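could you look at this predicted model? Sequence included:
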Amino acid sequence: MSKVKVDFSDGFGKIDEIATKGTKVAADALKEEVIKEISEGRSPVARVRRRFQRYSGSYRKAIDKGRYKNFNKRKRPVNLKLSGKLHDSIFSTPKGRNRVIIGFNNFLADIHNRQGAGKSRTVRRMLPTKTGETFTNNILIAVGNKLKKLANQILR
């Protein structure tokens, strides 16, 4: 009988490194991609209206009259960016080895996402908070690509 002892500790160590660093990479990529979609006027939530519903008539008139001139506000895209506070309030935190917590530290984000903003109560979904919802394929693919890049760097 022939026997060979094979040591895989180096390989398993690299897998642990991928898992540890991967969650941080995924958290950063997810945050980046969500802000990118919102800034371009699109919902990052899969299977909802892709483009955000346009601003109300009175809000568009106020933009035309120059009320938000200091913020360089435009009617399109509907990017939910006026002062930048909502966009700046996004956070994305690794939780364990395979989970990411993402959210906004701004009460207006929750209003836009769940109950709707303004007199018309227009809902503009920014996070998949309902059961069974997820992010769009574009976002999931972008995060996956960042994770593949990390794995390739570590396994070289």
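Now that the structure is in, tell me what you want to look at. This structure is a prediction, so every number in the text was calculated from the model and none was measured.

could you pull out the strands for this structure?
90-95, 99-104 (DSSP state E).

so residue 140 makes contact with residue 146?
No - assessed by C-beta atoms under 8 Å, residue 140 is found out of contact with residue 146, at 11.1 Å. C-betas here are computed from N, CA, C, even on glycine.

and these two? which has more neighbours close in?
For residue 140 versus residue 146, neighbours defined as other C-beta atoms under 10 Å are more numerous around residue 146 (18 against 14).

what are the phi and psi values for residue 76?
Main-chain torsions, residue 76, degrees, to the nearest 10: phi -130, psi 140.

centroid residue for the chain?
Compute the mean C-alpha point of the chain, and by C-alpha atoms, centre = their mean the closest residue is residue 34, 2.5 Å away.

that older thread, okay if I get the strands of the chain as a markdown table plus mean neighbour count?
Listed next are the strands of the chain as a markdown table, based on neighbours: other C-beta atoms under 10 Å:
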| stretch | mean neighbour count |
| --- | --- |
| strand 90-95 | 15 |
| strand 99-104 | 16 |
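
quick one, what contacts residue 38?
Residues in contact with residue 38 (C-beta atoms under 8 Å, 6 or more residues apart in numbering) are 44, 79-81, 87, 126.

ok, now with 7 Å
Residue 38 is in contact with 44, 79-80, 126, counting by C-beta atoms under 7 Å, 6 or more residues apart in numbering.

which one of those residues is nearest residue 13?
residue 44 (34.7 Å; C-beta to C-beta).

who are the contact partners of the closest one?
34, 37-38, 126, 135-136, 139.

what's the closest non-adjacent residue to residue 60?
The spatial neighbour of residue 60 that comes closest, neighbours along the chain excluded (C-beta to C-beta, 6 or more residues apart in numbering), is residue 75 at 5.2 Å.

oh, that last question was meant for residue 55, not what I typed.
Residue 55 sits nearest to residue 78 (C-beta to C-beta, 6+ apart), 5.9 Å away.

low pLDDT regions in this structure?
Counting by pLDDT under 70, the ranges of the chain that qualify are 5-12.

which residues lie in contact with the residue nearest to the centre of the chain in this structure?
Applying C-beta under 7 Å, 6+ apart, we find residue 34 in contact with 44, 90, 102, 139.
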